[in-house]
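**Q** quick one, what's the 3D model for this:
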Amino acid sequence: MKYATLAVHGGLKDESHQAVTYPLYLSSTFIQPDSEHFQAYGYSRSANPTRASVEKLVADLEGAKHAFATSSGMAANALVFELLEEGDRVLISSDVYGGTWLFTTQLFAKRGIEFEVVDDFNTYDFSKAPANTRLAFIESPTNPLLTVMDIRRVAAAAKARGILTVVDNTFLTSYLQKPLDLGADIVVYSATKYYAGHSDLLAGFVVLNDDTLYERLRIYSKALGGILDPLDSFLVSRGIRTLPLRMDQHNRNAERVAEFLSSHPGAEKVFYPGRRDHPGRDIQAKQASGSGGVLSFRFNESEYDLDRFVKSLRIFAFAVSLGGVESLICRPATMTHESYSPELQQKLGITRNLLRVAVGIEDPEDLIKDLEDAFAAAKR
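**A** Purely as a prediction, here's the structure:
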């Protein structure tokens, strides 16, 4: 089946009553047939039919064998990091989601795990990675500067050294990019964003093919309990049914907004992989079928007042997150990436005038008009 058809018809089928929509099983426990055989569904922390359905759906959309549905995107990251042991080393991109950075800098040390910050994985020499390096964690495009990583190159170089490649594919979903097909070992998602699509729940996914890693993660997931509850599993499944339609509109709108900002004096520089002037555009075109709905730009504070700009927005909401149907703007330095030190923010280019834009599915003309009006109100 094609992606859009699978998004609608994928997942488990209701064999009990032939319901068109797979049922919501809220039960925490399940009756067993006898004293000798404990069935697959016994207790919902270990397995739940509604969660199993969305896990199958997401795995099938990725073209993967396995998926775990977790209680948030960070729970997905935390589950993957359980593969690490004391003395292991992690390579992590300097330009990642602030929550991932917080986990790395605050929790790895207490577990005896080392980490190395890599500024550019596209040029990183894996042959020089220390022998205890076990995992490379990347995003592409990155958050918030939309840097494009050559996933195929990174995965191949890492694999040659026996290093696992983990890709956070939240910005694009499997509709636009499939990291496993490019050689990655594990893909993680904050399904709070595009998969769920309506800013009304928290969810995450871990997707992979390797059976041995799956068995390890299955045990860790059962023990840790950071699973997605049945109701949210049901809602994510419902959101996925319209994922292709929404992603197409996010993508089109982001292209329009990026084009508008690139010609407006209120934006000093625009970061969006779909633009011709983006340094990673060729790689993006090779490994993905679109650039997604997120972009960033440097606000021109010499001519416009930033606070007045955000307060003048009427359609765009000034809030963190992305992937919902509505458009959002945030300031990474004080919001999503406040866990980065001021010195590191400056080094990476996460300046105080950097704004991240999560473009929704509204009419693009209304979005552009909202930005125009806000800039006009903010003119010094």
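**Q** got a pLDDT number for the closest residue to residue 48 other than its chain neighbours?
**A** Closest residue in space to residue 48, ignoring its immediate chain neighbours: residue 230 at 5.3 Å, by C-beta to C-beta, 6 or more residues apart in numbering. Quick note: C-beta positions are derived from backbone N, CA and C, even for glycine. Note for residue 230: predicted pLDDT of 98.
**Q** just use 49 as the starting number from now, easier for me
**A** That works, and once the first residue is 49, the last one we named lands at residue 278.
**Q** for residue 278, give me its contacts.
**A** Residues in contact with residue 278 (C-beta atoms under 8 Å, 6 or more residues apart in numbering) are 72, 73, 74, 92, 96, 98, 99.
**Q** give me that answer again for 10 Å
**A** Counting by C-beta atoms under 10 Å, 6 or more residues apart in numbering, residue 278 makes contact with 71-76, 92, 96-99, 101-102.
**Q** if you rank those residues by neighbours, which is first?
**A** Counting neighbours by other C-beta atoms under 10 Å, residue 102 leads those with 31 neighbours.
**Q** can you confirm that residue is in a helix?
**A** Yes - the assignment for residue 102 by DSSP: H, G, I helix; E, B strand; the rest coil puts it in a helix.
**Q** what's it in contact with, if anything?
**A** Applying C-beta under 10 Å, 6+ apart, one finds that residue 102 lies in contact with 58-60, 70, 96, 115, 117, 239, 243, 251, 253, 276, 278, 280-288.
**Q** helices - which of those residues land there?
**A** Within the contacts of residue 102, residues falling in helices by DSSP state H are 278, 280, 281, 282, 283, 284, 285, 286, 287, 288.
**Q** sketch out the low-pLDDT regions of the chain for me.
**A** For the chain, no stretch has pLDDT under 70.
**Q** same thing but at 90, please
**A** Low-confidence segments of the chain (pLDDT under 90): 64, 84-88, 143, 157, 392.
**Q** leaving aside the residues adjacent along the chain, what's closest to the residue nearest the centre of it?
**A** Closest to where the C-alpha atoms of the chain average out (C-alpha atoms, centre = their mean) is residue 218, at 1.8 Å. Take residue 218 and drop its neighbours on the chain: the residue closest to it by C-beta to C-beta, 6+ apart is residue 238, 4.7 Å away.
**Q** got it, and residue 195?
**A** Among residues not flanking residue 195 along the chain, residue 143 sits closest, at 5.6 Å (C-beta to C-beta, 6+ apart).
**Q** ok, residue 248 next?
**A** For residue 248, ignoring the flanking residues on the chain, the nearest one in space by C-beta to C-beta, 6+ apart is residue 283 at 7.2 Å.
**Q** again, but for residue 280
**A** Per C-beta to C-beta, 6+ apart, closest to residue 280 is residue 249, 4.7 Å.
**Q** on that earlier part again, quick one, which of the ones in helices among the contacts of residue 102 are buried?
**A** Listed as buried from these are 278, 280, 281, 282, 283, 284, 285, 287, 288; burial here means 16 or more other C-beta atoms under 10 Å.
**Q** let me know the closest of the residues you listed to residue 346.
**A** residue 287 (32.4 Å; C-beta to C-beta).
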